[in-house]
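Trainee: My questions concern the predicted model and sequence given below.
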Amino acid sequence: MIAVWLTFAPTQVGGMASYIVVIGNSMEPRFHIGDLVVARKEPVYQIGDAIVYRNMGLKSFVFHRIISQELGQYTLQGDNNSWVDTYQPSHEEVLGKLWLHFPRGGRVIQWVRSPFVMALIAGALGAVLASSIFRKKTGGSQPMKDKSMRERLSALSQKTRNWFKKINMPEPKEPSNKDSGKILEGSFFVLGFIALSSLILVIISFSRPAARIRQDEITYKHLGIFSYSASALQDVYDENTLKSGDPVFTKLICSVDIHFQYTLVAGQVENIVGSYQLTAIVSEPTTGWQRTIPLQEQISFSGSTFGSTTRLDLCQISAMIEAMEQKTDAHSSSYILSIAPKIQLNGKISGRILDSNYVPNLNFRYDRAQFYLVRNDEQENPLVLAETRILSEEKEEANTMLLLGREMAIPTLRLIALVGFIFSSIGIVLLGLRLQNLSRFDQVKFFRIKYDALLIDIENTDSITASGVTDVSSMDTLAKLAERFNAMILHAEQDNLHTFYIQASGMTYRFRLDADRTESAVPTNETTNHGGEA
C-alpha cells in the first residue's frame, strides 16, 4: 500500500504523480482528445521529453515536447504544431515528465466526475454503509434488563474488591514461549516488510538508467557602454557641451569623441586576453549600400574590462554620402551610422575555455541635417548594450530519482535495494529454518508462533472439561475447527502438559501435548478424559 501510494498518489495530496486529461490535438497522432496522461516530477528534463507545464499566460496546463533549452528555460512545441510555444517555462513551472499514457482514460474520469454518476456512487456507498450498520445492530446482544439499585451497588462493590485484589496480587509472568513467539513473529513481519520494499525498489531502480547526460551551462555577459561628447554652442544646447543622447547638428559640430567601456561579467575568469577595434559603418537600408571606416588600429588588451576613446569626423561622413549621390545619382532621405567595436577575447570561465566575439552597434540616423540616436522599443537605454551567452558542456552524471521528497542517485538506490533484499531474504530463510527446528523439537513454542493470534491463555479448565470433550489428532485440525466456527483457541499448561481447547456449537474440542515429548499419540472421540495423557 505504501509503494502504491508513493507511486500513484497525486501531487495535491503529497504524491509524485500529476494526472492530466488531453483536451487538444497539438500532440497528435500519438495523443488524442480524451486521453489520460500521468506525469512524474523529475530532477532534470532533456530535449525530446514530453512534459506538462503551467502556462502562466494562458492560466492553464500545457502538454508539449521540449525542443531546446537555454538559460534555465525550456522551449516547447506540440508534435502536431508547426510553431513553437511563445511561453518558455522554467524548471519550477514543470509539473512532470510523461510517465504513463491511458488512451481514452480521461473520458472515463470525466464520466465518473459527472454529477449523476457521482450521485449514484455516493448512494451506493451510503447503502453499503447503512446495511453494515443495521446488520451489526440486528446481530448484537439483547437489550439489558432493568436492574434494581441493590443489584447495581452489589456489582459495583464486587468490581471494587476485584480491583484491589488485582493490585495486591503480583503480576504473573508470561511464559517465555509467548515472548519468543512474539519476537519471532515480529521479526518475520519486519524482515518481510524490508524484503517487499527492497524488491519494489529493485524493480523501480533497475528500470531506470544509471547515468544521464546533462547540459552543464555557465552564463556570462558582454556589457558595452557608449557615450559621446563635443563642444557646442550654448544657445543651441543647455550648456556649451554636447552630452550623450543629444542630436548632433552637422552645421554646428563636425567631430565628436566616442567613448566605449567594455566589461566581461562572469564568475572565476582566468587569463582573459583579446583585441578590439572601433569601426564606423555608413549604410543605406533600402539599397544595402554601405561603407566601413576604421576609427582606430586594432588594440590588444588583457583582463575582463577595458576602455577606449576615439574621434569621429561627421563632416567627412556627410561629404562621403554627398559624393556617392553625385556619382550614382541615387538619393535617400536618411542613412544609418553604426559605431561597432569588434571585440575578440579568449580565456577561461570557471575552468572552461572561452573563445568569443562581441560586436555591439550604436546606431545613429542621418537626415542631412543631424545625427540622432536610433531607439528601439525593447531598449531602455540605447547607449548600454548587454548580451548574455552560455558556455554549454555535456556531462555524464548519476541518474537520480525523487523518493520521499529527496533526490537520490540510482546507483545508490540499487545498492540499498539489493543489500536490503539479500539480507532480509537471508533473515527470512534463517527464521524459517528456526521454525522448522521448533516444529520438530519444541512444538509448544512452534504453536505459539503459528497460532498466536488465535490463542488465549487460561488457568481454570473445570468449566471446560465438565461436559463432554472430543480429542482431535493434531493442532492443525483444531485450528481448522477454530477457523470454521470463528472461535478462539484456549490454552492451559500444567506440569509441562499443554492442552488446547475450542468451544463451538455446544461442543468442546481438545488437543493435548506433552512438552517433554516430541510426538504424541492422541485417541479420538474420547469423552471426559481428565487424567489420561494424549
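Mentor: Yep, it's here.

Trainee: need the helices for the stretch 51-200 of the chain, in chain order.
Mentor: 105-112, 115-138, 149-168, 176-206 (DSSP state H, counting those that start in this stretch).

Trainee: Which of those has the lowest mean pLDDT?
Mentor: Lowest mean pLDDT within the helices of the stretch 51-200 of the chain: helix 149-168, a mean of 57.

Trainee: I'd assumed Thr250 was in contact with Ser318.
Mentor: Yes - with contacts counted by CB atoms under 8 Å, Ser318 reaches Thr250, the gap being 5.4 Å. All C-beta atoms are positioned from the backbone trio N, CA, C, and that covers glycine.

Trainee: who's more crowded, those two?
Mentor: Ranked by neighbour count (other CB atoms under 10 Å), Ser318 and Thr250 place Ser318 first, with 19 against 15.

Trainee: which ones are touching that one?
Mentor: Ser318 is in contact with 250, 366, 368, counting by CB atoms under 8 Å, 6 or more residues apart in numbering.

Trainee: and the last one, how many neighbours does it have?
Mentor: If I follow you right, that is Arg368. Arg368: 12 neighbours (other CB under 10 Å).

Trainee: Specify the local secondary structure of it.
Mentor: coil (DSSP: H, G, I helix; E, B strand; the rest coil).

Trainee: Report the separation between it and Gln316.
Mentor: Arg368 sits 15 Å away from Gln316, going by CB to CB, to the nearest Å.

Trainee: Beyond the host helix or strand of His222, next helix or strand please.
Mentor: His222 belongs to strand 211-231 when assigned by DSSP states H and E. With elements assigned by DSSP H and E, the helix or strand that comes after strand 211-231 is strand 241-242.

Trainee: Just the residues contacting that following strand, thanks.
Mentor: Strand 241-242 is contacted from outside by 228-232, 248, 253, 256, using CB under 8 Å, 6+ apart.

Trainee: Mind giving me the ChimeraX select for the residues you listed, buried ones only?
Mentor: Command for ChimeraX, covering only those of these found buried under the criterion 16 or more other CB atoms under 10 Å:
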select :228,230,232,248,253,256
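
Trainee: In the contacts of strand 241-242, which has the lowest confidence score?
Mentor: Minimum pLDDT across the contacts of strand 241-242 falls on Ala232, with 75.

Trainee: and the gap between Glu396 and Asp452?
Mentor: Where Asp452 is concerned, Glu396 sits at a distance of 53 Å (CB to CB).

Trainee: By mean pLDDT, flag the weakest helix or strand of the chain.
Mentor: Using mean pLDDT, DSSP states H and E, helix 149-168 stands out as the lowest-scoring helix or strand of the chain, at a mean of 57.

Trainee: Could I get the full set of helices for the stretch 251-400 of the chain?
Mentor: Going by DSSP H, counting those that start in this stretch, the stretch 251-400 of the chain shows helices at 314-328.

Trainee: all strands of it, in order?
Mentor: 255-265, 269-284, 289-294, 299-302, 305-313, 335-349, 352-358, 362-366, 370-373, 384-398, 400-403 (DSSP state E, counting those that start in this stretch).

Trainee: Could you take those strands and lay them out as JSON lines, with extra columns for distance to Ser18?
Mentor: Formatted as JSON lines, the strands of the stretch 251-400 of the chain follow (distance: least, CB to CB, whole Å):
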{"stretch": "strand 255-265", "distance to Ser18": "38"}
{"stretch": "strand 269-284", "distance to Ser18": "42"}
{"stretch": "strand 289-294", "distance to Ser18": "54"}
{"stretch": "strand 299-302", "distance to Ser18": "52"}
{"stretch": "strand 305-313", "distance to Ser18": "47"}
{"stretch": "strand 335-349", "distance to Ser18": "37"}
{"stretch": "strand 352-358", "distance to Ser18": "36"}
{"stretch": "strand 362-366", "distance to Ser18": "48"}
{"stretch": "strand 370-373", "distance to Ser18": "50"}
{"stretch": "strand 384-398", "distance to Ser18": "25"}
{"stretch": "strand 400-403", "distance to Ser18": "13"}
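
Trainee: averaging pLDDT over each of the ones you listed, which comes out lowest?
Mentor: Mean pLDDT is lowest for strand 400-403 among these, at a mean of 75.
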